[in-house]
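K.L.:
have a look; sequence and predicted model below, questions after that.
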Amino acid sequence: MPEQHPERRVHGAHAADGPTGPEPAEPSARLRAAREHAQHRLERHRRGRALRGTLSIGLVMALAGALFTANARLASGTDERQPQDLAGLQSNEDARRERLADQVADLRAEVDALTRAQTDTVGLEWQSAGEAFDIASGKVAVSGTGITVSLDDAPADGPRPAGTGPDDLVVHQQDLQAVINALWAGGAEAMALMDQRVISTSAFQCIGNVLSLQGRRYSPPYVVTVVGDPAELLAALDADPAVRAYRSWVDAVGLGWQVTRPDQGVQVPAYDGSVDMRYASVPPGTEVLPGLVADDSTATSAGVRREDTEG
């Protein structure tokens, strides 16, 4: 008899071999409940996360809408769009300041007119403290013989000696102060810087190459107009050391310097700012103006009284 070999088991013939192990048992009810509970927790977590995302998006959109609405309301109050650059914003603020200054001047003139009318109504006569007081306080405009002094920055293509820096090419606050102080020392009766009257409480400041005077800003050239004896004023400028130092830089780097003596004379406007002192006081007994002396009882608030003198 032919020798019989055991049949080779081939891949895929498991069905003929019979069962190879026990059949998997059905999951118990406890296991099914645990699986369902885990599935429910996963679904709740997904729904909660989706809800939180929706709420966050809604909140961001609401805030953005509120900001857009506020911006639109602010912009609706202006006739034109606000510039976004610093120079444009500064120009707008300067123009607004000019408008407000004009309104203040108009209101002050209206108050003065109403005060005079009320004084006339009650039969009182307004008496000035004197012509010298009115001129020194800047209350009235002044015209007469005098000079004008102009200071300007050096030109961009001017001479540049060795060691010259940018600060040497512009007009500084101390340069203007030197000119103004020299003119006062030379007997100036009235003075104006640019278009504003300069009085004893006037203060100006140079910010870069821009002059700030009593809330207004100016660019060079800076013009000082003075009423007084031209010969004495010119002599005072020539004698002042600080002015001579400035004029030496005029020759070195081309700083602007021009002095004129108009044949028709000069005009200085009246002072239109506030005369109230906030941070200064006059010592008792100090002669503020000719015939005007600080009062002991009001010295702390810069009060003055007029002496009983003639003139």
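P.N.:
Thanks, I have the structure now.

K.L.:
where exactly do the strands run in the stretch 151-300 of the chain?
P.N.:
Counting by DSSP state E, counting those that start in this stretch, the stretch 151-300 of the chain has strands at residues 190-193, 196-198, 204-207, 210-213, 216-218, 222-227, 256-260, 266-268, 287-289, 292-294.

K.L.:
would you format those strands as JSON lines with mean neighbour count and mean pLDDT included?
P.N.:
Every residue, glycine included, has its C-beta placed from N, CA and C. JSON lines is the format used below for these (neighbours: other C-beta atoms under 10 Å; pLDDT from 0 to 100):
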{"stretch": "strand 190-193", "mean neighbour count": "24", "mean pLDDT": "94"}
{"stretch": "strand 196-198", "mean neighbour count": "23", "mean pLDDT": "91"}
{"stretch": "strand 204-207", "mean neighbour count": "15", "mean pLDDT": "82"}
{"stretch": "strand 210-213", "mean neighbour count": "17", "mean pLDDT": "85"}
{"stretch": "strand 216-218", "mean neighbour count": "17", "mean pLDDT": "84"}
{"stretch": "strand 222-227", "mean neighbour count": "22", "mean pLDDT": "95"}
{"stretch": "strand 256-260", "mean neighbour count": "15", "mean pLDDT": "95"}
{"stretch": "strand 266-268", "mean neighbour count": "20", "mean pLDDT": "94"}
{"stretch": "strand 287-289", "mean neighbour count": "15", "mean pLDDT": "74"}
{"stretch": "strand 292-294", "mean neighbour count": "19", "mean pLDDT": "73"}
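
K.L.:
redo those as CSV? Include distance to Asp167.
P.N.:
CSV is the format used below for the strands of the stretch 151-300 of the chain (distance: least, C-beta to C-beta, whole Å):
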stretch, distance to Asp167
strand 190-193, 22
strand 196-198, 25
strand 204-207, 11
strand 210-213, 15
strand 216-218, 19
strand 222-227, 17
strand 256-260, 16
strand 266-268, 31
strand 287-289, 37
strand 292-294, 40
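
K.L.:
nearest to Ala66, out of these?
P.N.:
strand 216-218 (36.1 Å; C-beta to C-beta).

K.L.:
what strands flank the closest one, and is each parallel or antiparallel?
P.N.:
strand 210-213 (antiparallel) (DSSP bridges).

K.L.:
ok, residues contacting the strand it pairs with?
P.N.:
Strand 210-213 has contacts (C-beta atoms under 8 Å, 6 or more residues apart in numbering) with 176, 193-194, 196, 202-206, 217-220, 222.

K.L.:
and of those, the nearest to Thr260?
P.N.:
Thr260 has its nearest neighbour among those in Tyr222, at 14.2 Å by C-beta to C-beta.

K.L.:
just list the residues touching that closest one, thanks.
P.N.:
Here Tyr222 is in contact with Ser150, Leu151, Asp152, Val171, Leu176, Leu193, Met194, Leu211 (criterion: C-beta under 8 Å, 6+ apart).

K.L.:
what residue spans form the domains of this structure?
P.N.:
Domains of the chain are assigned by automatic domain parsing as 89-121, 135-268, 277-311.

K.L.:
just name the most buried of those domains.
P.N.:
Ranked by average neighbour count under the criterion mean count of other C-beta atoms under 10 Å, those are headed by domain 135-268 at a mean of 16.

K.L.:
centre of the chain to it, how far?
P.N.:
Centroid separation between domain 135-268 and its chain, computed with C-alpha atoms, centre = their mean, to the nearest Å, is 24 Å.

K.L.:
now do the end-to-end distance for it.
P.N.:
From its first residue to its last, domain 135-268 covers 10 Å (C-alpha to C-alpha, to the nearest Å).

K.L.:
swap in stretch 271-289?
P.N.:
With C-alpha to C-alpha as the measure, stretch 271-289 spans 17 Å from end to end.

K.L.:
give the contact list for Gly186.
P.N.:
Neighbouring residues of Gly186 by C-beta under 8 Å, 6+ apart: Gly228, Asp229, Glu232, Leu233, Leu234, Ala235, Ala236, Leu237.

K.L.:
let me have these in JSON lines, extended by distance to Glu93.
P.N.:
Shown next, in JSON lines, are these (distance: C-beta to C-beta, whole Å):
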{"residue": "Gly228", "distance to Glu93": "36"}
{"residue": "Asp229", "distance to Glu93": "41"}
{"residue": "Glu232", "distance to Glu93": "41"}
{"residue": "Leu233", "distance to Glu93": "36"}
{"residue": "Leu234", "distance to Glu93": "39"}
{"residue": "Ala235", "distance to Glu93": "42"}
{"residue": "Ala236", "distance to Glu93": "37"}
{"residue": "Leu237", "distance to Glu93": "35"}
